[in-house]
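Enquirer: Model the structure of this input:
(chains A and B)
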Amino acid sequence: MIDLKLAQKQSDILARALADRHSDIDVEEFFALDKRRRALLAEVEEMKSRRNAASGQVAALKREGGDIAPMQAELGVLSERIKTLDAETERAKSDVEAWLMRVPNIPDDTAPKGRDETENVEARRWGELRNFDFLPAEHGDIGTRLGGLDFERASRLSGSRFVCFRGWAARLERALVNFFLDQHAANGYVEINPPFIVNRAAMTGTGQLPKFEDDLFALRGRDQFLIPTAEVPLTNLYAGEVLEEESLPYACCAATPCFRAEAGAAGKDTRGIIRMHQFTKVEMVRFAHPDDSFNQLEIMCGHACRLLELLELPHRVISLCTGDMGFSSAKTYDVEVWLPAQKIYREISSCSNCTDFQARRANIRFKPRGGKAVFLHTLNGSGLPTGRAIAAILENGQQKDGGVRLPKVLIPYMNGLEFIEARQQP
RNA sequence: GGAGAGGUAGCGAAGCGGCCGUAACGCGCCCGACUCGAAAUCGGGUUACCGGUUAGUCCCGGUACGUGGGUUCGAAUCCCACCCUCUCCGCCA
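Expert: Prediction:
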């Protein structure tokens, strides 16, 4: 949520931000709603002030044994009017609130301006693209042929967009999780194992709700949801709290399953394991001082890229333009890994600085030395999802004979296994 | 799932229809006195948010006792629902 005061007093900034995002939200609508709210508030507060004063007089009168009946009758009428007006004020207040909740975060000045993904800006590239002397296969085919990926049985079990990892592939996923977590631990992230089911307040805190309820799996009969990313439990872990300034920057990470309904993605990425209803991801979350958060974004994005370097996977970093950024983000880097079969760079990590947008919703603050508590800045980034990492490893490491060479850094995590042999049985 | 207890300032806790929410009392924290300095002691201070106003963190008003409703002229206090915590029982990895 953006700052109410910013909307009131610096509406030019807000209007420009909405224009940059190519949003159709109208700032004029806010002024009308907020004006009405303030007018009603002033009126009802004045009436309450009268009631409070009169109430004291009733108490005094009663103590002295006087007749309070006439005042009672008069105040009864006033109280009725207050009740009505109060309800109306409450509605006006939630109208303003609802408007603010629909507004996306203000993009940072360093985020490139643009309408959609075609206007994103490449920041840097890493790695040599391998020359294949054969036609590289798609990861879904490789994984299926080698017995590691079982789409058929998984869909029989659960439906489309589910996969079952088997044998070496299951082991590879576990290896990646451990490798990622070990790297993060070395970089100072606290490892967390959070709940995978969270309530509505948590989903609202990070911005999934109220706008994107269709994208979530909801539990029947309960106001709880399966997490679409560990960003939700990790960021909301400190909801409502005031942290010490010394504890910033704070960094934590978690490996969790992620559940996404993928509504509106019908027919998109139907081959392979790029877009599943359930996947495993290691997520990085950082809490930062407002003066330091964009620096922290560079650091965190660097951590994501470093993982790909260690996995010997060519990739590039894209700075998302204002029209393509997520709802809660002020600046986002997407890291894209090279998939040689389709000959495209494919998103494997998204690192965002959400500034105080989530902190305000989730009420996460820190106390500067001798000052009042203020909202801190939250950041999150994938580091990394195992499914897309496996896809990249299979496609980039595939051999002419149909086997796959694994990245060196994973060998200890694979119990010494260097190759997945073409004829290997899982 | 059943029974009981509870949720009030940073923490502990009192209040159980108006004289108590700028919230008793204790701890903590801040300032001061004493001291070479410190401890101990003594004195004073210490909630947040919203609206109006302003040069202003001053002032005026409002709101908040887990959350949401209700009763009442008036609710922390009475009633209802829900959430959470603790204890015991049941069940269970």
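
Enquirer: any low-confidence regions in the stretch 251-400 of chain A?
Expert: A:370 (pLDDT under 70).

Enquirer: Get me the contact residues on it for RNA strand B.
Expert: For the stretch 251-400 of chain A, the contact set with RNA strand B under CB under 7 Å from any atom of the strand comprises A:K372, A:A373. For the C-beta atoms, the positions are set from N, CA and C on the backbone; glycine is no exception.

Enquirer: all helices for the stretch 251-400 of chain A, in order.
Expert: For the stretch 251-400 of chain A, helices defined by DSSP state H, counting those that start in this stretch occupy the ranges A:293-310, A:357-362, A:386-397.

Enquirer: Just want the angle from the longest one to helix A:386-397.
Expert: Going back to what we said before, that points to helix A:293-310. Note on geometry: by axes from the mean of the first three to the mean of the last three CA atoms, to 10 degrees, helix A:293-310 and helix A:386-397 are set 50 degrees apart in direction.

Enquirer: Put together TSV for the helices of the stretch 251-400 of chain A, with distance to A:V190 on each row.
Expert: Below are these laid out as TSV (distance: least, CB to CB, whole Å):
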stretch	distance to A:V190
helix A:293-310	14
helix A:357-362	18
helix A:386-397	20
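
Enquirer: will you turn those helices into a markdown table that also has distance to A:K113 and mean neighbour count?
Expert: Listed next are the helices of the stretch 251-400 of chain A as a markdown table, based on distance: least, CB to CB, whole Å; neighbours: other CB atoms under 10 Å:
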| stretch | distance to A:K113 | mean neighbour count |
| --- | --- | --- |
| helix A:293-310 | 17 | 20 |
| helix A:357-362 | 19 | 25 |
| helix A:386-397 | 28 | 25 |
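
Enquirer: of all these, which lies closest to A:L339?
Expert: Among those, the nearest to A:L339 by CB to CB is helix A:386-397 (5.2 Å).

Enquirer: is the longest helix anywhere in chain A anywhere near RNA strand B?
Expert: The residue-count maximum for a helix in chain A (DSSP state H) belongs to helix A:27-63. Yes - judged by CB under 7 Å from any atom of the strand, helix A:27-63 and RNA strand B are in contact via A:38, A:41-42, A:45-46, A:48-49, A:51-55, A:58-59, A:62.

Enquirer: by contact count, what packs against that helix?
Expert: Counting contacts by 3 or more CB pairs under 8 Å, 6 or more residues apart in numbering; DSSP states H and E, helix A:27-63 packs against helix A:4-9, helix A:11-20, helix A:69-102.

Enquirer: Looking at the helices of the stretch 251-400 of chain A, which is nearest to A:L85?
Expert: A:L85 lies closest to helix A:357-362 among the helices of the stretch 251-400 of chain A, at 28.3 Å (CB to CB).

Enquirer: what's in contact with the closest one?
Expert: Helix A:357-362 has contacts (CB atoms under 8 Å, 6 or more residues apart in numbering) with A:1-3, A:105, A:202, A:204-207, A:235-236, A:238-240, A:328-330, A:364-365, A:375-378.

Enquirer: does A:R161 really touch A:I273, like I thought?
Expert: No - in this structure, A:R161 is not within contact of A:I273 by CB atoms under 8 Å, at 9.4 Å.

Enquirer: Comparing those two, which residue is more hemmed in?
Expert: A side-by-side neighbour count of A:R161 and A:I273, using other CB atoms under 10 Å, places A:I273 first with 24 against 20.

Enquirer: From A:A261, how far off is the closest residue to the more buried one other than its chain neighbours?
Expert: The shortest distance from A:I273 to any non-neighbouring residue, by CB to CB, 6 or more residues apart in numbering, is to A:G387 (4.5 Å). Plainly put, A:G387 is 17 Å away from A:A261 if you go by CB to CB, to the nearest Å.

Enquirer: how about A:D95, what does it touch?
Expert: A:L33, A:R36, A:R37.

Enquirer: who wins for neighbours among those?
Expert: A:R37 leads these on contacts (other CB under 10 Å) with 20 neighbours.

Enquirer: list the contacts for that one?
Expert: Going by CB under 8 Å, 6+ apart, A:R37 touches A:T89, A:A92, A:K93, A:D95, A:V96.

Enquirer: show me the contacts for the third one.
Expert: Neighbouring residues of A:K93 by CB under 8 Å, 6+ apart: A:R37, A:L41.

Enquirer: Is A:F287 in contact with A:A239, as I believe?
Expert: No - the criterion here is CB under 8 Å, and A:F287 misses it with A:A239 at 11.8 Å.

Enquirer: Comparing these two, which shows the higher neighbour count?
Expert: Taking other CB under 10 Å, A:F287 and A:A239 do not tie; A:F287 has more neighbours (24 against 17).

Enquirer: so what's that one up against?
Expert: Residues in contact with A:F287, defined by CB under 8 Å, 6+ apart, are A:238, A:243, A:247-251, A:364, A:366, A:376-379.

Enquirer: Mind giving me the PyMOL command for buried ones among those?
Expert: In PyMOL, a selection of the buried entries from the contacts of A:F287 looks like this (16 or more other CB atoms under 10 Å):
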select buried, chain A and resi 238+243+248+249+250+251+364+366+376+377+378+379
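
Enquirer: Return the member of the contacts of A:F287 nearest to A:H303.
Expert: Comparing these against A:H303 with CB to CB places A:A251 closest, at 9.1 Å.

Enquirer: which residues touch the most centrally placed residue in chain A?
Expert: With the centre of chain A defined as its mean C-alpha position, the nearest residue by CA atoms, centre = their mean is A:E231, 5.3 Å away. By CB under 8 Å, 6+ apart, the contact set of A:E231 is A:T206, A:E283, A:V285, A:N380.

Enquirer: Among these, give me the pair with the biggest separation.
Expert: A:T206 and A:E283 (11.4 Å).

Enquirer: May I have the residues that are in contact with the closest residue in space to A:D116 that isn't next to it in sequence?
Expert: Setting aside the residues directly before and after it, A:D116 is nearest to A:G323 in space (CB to CB, 6+ apart), at 5.2 Å. The contact partners of A:G323, by CB under 8 Å, 6+ apart, come to A:D20, A:R21, A:H22, A:G114, A:R115, A:D116, A:E119.
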